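>>> sharing a model that was predicted from the sequence below.
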Amino acid sequence: MRTPNKPRPRIRTQSKFQADLAPSDATALKRLKEELETRSNADFLAEAVALIRWAVSERRRGCTILSESATGEKRILVSPRLERVTPEPALPHVEIKWTSEQLESFGRLASATPAAPNAALMDLMRGS
């Protein structure tokens, strides 16, 4: 007798991660781990991934990421890599309903020889 196929339990495998760090980055990593009381590189990386995941999610929504000091001074986080995930800005759209006479007049003006600047414009450009 044949037994029905049971779904196999999903086994999670852990990924190994290794990085070659510059000495200054290795020192910074060590200090940060101590400051955050993180026991292992894996724990530190998990925290870093969570923070970056949040930052990407916020920028994807178009949010600005900033810090604010106790005195109210604000600093915006600027990261070229994070800017890659921001939504394209929605540019305003304006529709102008031109009459045929207006279009013809505009066509004549646009194709005509430019007029020489008058004295008032010259004075304005000189700052007089």
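In hand now; what should we look at?
>>> going forward, measure contacts and count neighbours with C-alpha atoms only.
Fine.
>>> can you get me a residue count around residue 63?
The number of residues packed near residue 63 is 13, by other C-alpha atoms under 10 Å.
>>> could you grab the helix/strand/coil label for it?
Classification of residue 63 by DSSP: H, G, I helix; E, B strand; the rest coil places it in coil.
>>> do you know how far it is from residue 49?
Remark: distance between residue 63 and residue 49 (C-alpha to C-alpha, to the nearest Å) = 19 Å.
>>> same for the longest helix along the chain, what does it pack against?
Assignment by DSSP state H gives helix 41-60 as the longest helix of the chain. Secondary-structure packing of helix 41-60 (3 or more C-alpha pairs under 8 Å, 6 or more residues apart in numbering; DSSP states H and E): helix 80-83.
>>> switch the cut-off to 10 Å
For helix 41-60, the packing partners by 3 or more C-alpha pairs under 10 Å, 6 or more residues apart in numbering; DSSP states H and E come out as helix 23-35, helix 80-83.
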